[in-house]
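Peer 1: build me a model:
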Amino acid sequence: MKQIKKVAALTVLLSFCFFVSSSLADSEGIIKYRKNVMKSSGGHMGAIVDILKNDLPLQAHILDHARSINQNSKMILEMFPIGSGLGDTKAKPAIWENWSKYESAVNAFVRESSKLVKVAESGDMKALAKQFRATGKTCGGCHKNFRERE
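Peer 2: The predicted model follows:
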């Protein structure tokens, strides 16, 4: 009887270990992916800042950067499936604990980055700077509530 209990306990323990390691392995790929997409968004934001701040003769590039930011924004919700908070991530559990609040924050980013594209299409640099700040605020709002600080 003791042997059966030991085998049962060992089976449960090994199953748990397999599940946890499997979940971590599953999370690892999506975490790497979303980090790259987020870095991409940050890079496009930084590129726009560089063009505006340094008065670079690359204003025609701003529209492409704005479109890339907007496209990335539309992918965010899918990059945070349930269970992908395990592993090397700065994503706070608050994402999955309060999904509707997270979804609302991401939708604000989608909305503002869509406006950024429209303003970039117009070529109005003054309006672009204003909309760029509004878009950036949505990034910061999400990072403040749903991302661990460095």
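
Peer 1: where does pLDDT dip in the protein?
Peer 2: For the chain, the stretches with pLDDT under 70 are 1-25.

Peer 1: rerun at 50
Peer 2: 10, 13-25 (pLDDT under 50).

Peer 1: all helices of it, in order?
Peer 2: Here the chain has its helices, by DSSP state H, at 2-53, 61-73, 94-97, 99-122, 125-146.

Peer 1: could you export the ones you listed as TSV, including distance to I82 and mean neighbour count?
Peer 2: Any C-beta I mention is one placed from the backbone N, CA and C, and that applies to glycine too. Rendered in TSV, the data for these read as follows (distance: least, Cβ to Cβ, whole Å; neighbours: other Cβ atoms under 10 Å):
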stretch	distance to I82	mean neighbour count
helix 2-53	10	13
helix 61-73	21	20
helix 94-97	6	16
helix 99-122	9	18
helix 125-146	15	16
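
Peer 1: tell me how far F109 lies from K101.
Peer 2: Separation of F109 from K101 (Cβ to Cβ, to the nearest Å): 13 Å.

Peer 1: actually N72, not the one I wrote
Peer 2: 20 Å.

Peer 1: mind checking how far R34 is from K90?
Peer 2: Taking Cβ to Cβ, one finds R34 at 10 Å from K90.

Peer 1: before we move on, what about N145?
Peer 2: Distance, N145 to K90, using Cβ to Cβ: 12 Å.

Peer 1: before we move on, what about M125?
Peer 2: Counting by Cβ to Cβ, the gap from M125 to K90 is 33 Å.

Peer 1: go on, R147?
Peer 2: 5 Å.

Peer 1: what does H44 give?
Peer 2: If you measure H44 against K90 using Cβ to Cβ, the figure is 20 Å.
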